[in-house]
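1. 3D, please:
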Amino acid sequence: MLVTRLAQRQDLKAIVELAQTSGGGLTNLPMDEPTLSQKLTRAVNTHETLSQHGDGLFWFVLEDSATGKLIGLSGIESAIGLDQTCYTYRVSTIVHASQTLNVYHQFPTLFLTSDHSGCSELCSLYLHPDYRHSKAGALLSKCRLLFIAQHPELFADKLIAELRGYLDAAGSSPFWEGLGRPFFDMDFSQADYLTALNQKQFIAELMPRYPFYTHFLPEAARNVIARVHDETLPAAKLLESEGFRYEGCVDIFDAGPTLECYVDRVRAIRDSFMASAAQVGGLARQPLLICNPDRLGFRCSLLMNEGGDAYPYDANQAWALLNLGENEKACCIDLRREVPSHE
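-> Numbers count the residues shown, from 1 in each chain. Coordinates of the predicted model:
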């Protein structure tokens with residue numbers, strides 16, 4: 001059965017193998033063992049020691065409990081921009097007008113900001129291509145929200161998620177080619193790799209600091225601002241179903257959109273509830289995303305009548321998979337509900 005849990009030190013080899021199936025391009029999951037080892041060490045230290053909102057990384061792995069194979073990973077940065085500045089472009093508008101000439105023009109512009117410093121960030125989401133079915137992506141992504149619901153003191157009032165921007169068939173970023181390359185004189189992949197290694201000082205040294213008029217960018221670059229990578233569309237839809245929205249910030253490298261939501265408005269956090277095995281057994285609506293309340297022993301899965309062998313089909317199976325005692329309660333959320341479009 002599929003279950004998510006916090007990453008452990010002995011998971012390094014499996015995480016490296018998982019990263020190698022991504023094909024690269026994921027800043028938070030580079031195909032570099034020393035970097036992944038450092039990230040895992042930081043995550044384990046966070047799991048064991050963080051007691052309040054501050055700098056830290058939580059890593060969750062999706063495991064097939066029958067084989068022990070790791071098939072996915074997701075993460076939460078509890079507070080970004082505290083040790084190194086977190087840069088983003090805010091898409092805005094500058095107006096140029098002349099009453100004398102009766103001319104009025106609006107120009108979209110990019111402002112370099114660090115508006116999200118201190119926010120918590122959903123990050124590192126990656127699911128092995130062979131398992132992108134049976135709601136595995138929903139489990140891997142939304143388990144983080146139930147963890148936050150259980151331990152809100154560890155996280156900020158606002159959550160963000162930086163989505164991967166559009167790349168062409170050759171793996172090139174039109175936005176980077178139009179704006180980044182003239183200032184950095186390097187390929188997109190190299191800049192992305194340096195960011196993955198936390199070598200971000202070059203951004204502050206080389207990035208233009210003044211408002212940049214998108215009118216001067218090539219059309220190909222303008223057209224991909226806030227456009228999501230094709231493979232990231234399912235993740236975007238999952239977050240949007242929880243209340244996350246694009247508020248005008250994009251990545252400085254590939255112009256991928258940043259989705260934002262205050263914690264108390266995230267559907268899975270706001271509407272989560274505690275229930276006993278008997279209460280869960282009496283609920284007609286399924287599937288349920290369900291987790292235990294254990295900080296270090298956190299485990300999360302889905303309760304589904306039609307889950308086949310991938311998920312528990314009744315409360316007794318779910319309680320056993322989540323290592324819950326007979327009289328303990330689980331934190332639950334109904335996966336089938338979505339945020340109304342007006343929210």
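
2. roughly how far apart are the residue lying farthest from the centre of the chain and Asp32?
-> Relative to the mean C-alpha coordinate of the chain, counting by C-alpha atoms, centre = their mean, the farthest residue is Thr100 (49.6 Å). Distance from Thr100 to Asp32, counting by C-beta to C-beta, to the nearest Å: 58 Å. Using the backbone N, CA and C atoms, a C-beta is placed for each residue, glycine as well.

3. Pro208 now?
-> Distance from Pro208 to Asp32, by C-beta to C-beta: 29 Å.

4. out of the two, which sits in the more crowded spot?
-> Asp32 (16 against 11; other C-beta atoms under 10 Å).

5. tell me, which helix in the chain spans the most residues?
-> helix 33-49 (DSSP state H).

6. pLDDT (mean, whole number) over it?
-> Here helix 33-49 scores 95 as its mean pLDDT.

7. Equivalent analysis for stretch 240-255, please.
-> 94.

8. Just the buried positions in that stretch, please.
-> Within stretch 240-255, the residues scored as buried using 16 or more other C-beta atoms under 10 Å are 240-244, 246, 248-255.

9. Those into a markdown table, with extra columns for secondary structure and distance to Met274?
-> Listed next are those as a markdown table, based on DSSP: H, G, I helix; E, B strand; the rest coil; distance: C-beta to C-beta, whole Å:
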| residue | secondary structure | distance to Met274 |
| --- | --- | --- |
| Glu240 | helix | 26 |
| Ser241 | helix | 22 |
| Glu242 | coil | 19 |
| Gly243 | coil | 21 |
| Phe244 | coil | 24 |
| Tyr246 | strand | 32 |
| Gly248 | strand | 37 |
| Cys249 | strand | 35 |
| Val250 | strand | 38 |
| Asp251 | coil | 37 |
| Ile252 | coil | 41 |
| Phe253 | coil | 41 |
| Asp254 | coil | 40 |
| Ala255 | coil | 41 |
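
10. nearest to Lys135, of these?
-> Ser241 (12.6 Å; C-beta to C-beta).

11. Distance-wise, check the closest one relative to Arg267.
-> 7 Å.

12. Kindly report the same for Leu154.
-> 20 Å.

13. same question, Glu242
-> Glu242 is 5 Å from Arg267, by C-beta to C-beta.

14. Kindly report the same for Gln10.
-> Where Arg267 is concerned, Gln10 sits at a distance of 34 Å (C-beta to C-beta).

15. Which one's more surrounded, these two?
-> Arg267 (21 against 8).

16. all strands of the stretch 51-200 of the chain, in order?
-> With DSSP state E, counting those that start in this stretch as the criterion, the stretch 51-200 of the chain has strands at 57-64, 69-77, 88-98, 103-113, 120-127, 158-162.

17. Run the chain-centre distance for the longest helix of the chain.
-> Distance of helix 33-49 from the chain centroid (C-alpha atoms, centre = their mean, to the nearest Å) equals 17 Å.

18. now swap in stretch 304-316 and tell me
-> On C-alpha atoms, centre = their mean, the centre of stretch 304-316 falls 26 Å from that of its chain.

19. Could you look up the SS state of Ser301?
-> strand (DSSP: H, G, I helix; E, B strand; the rest coil).

20. was I right about it contacting Asn292?
-> No - using C-beta atoms under 8 Å, Ser301 is not in contact with Asn292; the gap is 9.8 Å.

21. And the closest residue to Thr85 other than its chain neighbours, how close does it get to Tyr89?
-> Residue nearest to Thr85 in three dimensions, not counting chain neighbours: Ser114, with 5.2 Å by C-beta to C-beta, 6 or more residues apart in numbering. Between Ser114 and Tyr89 the computed distance is 11 Å (C-beta to C-beta).
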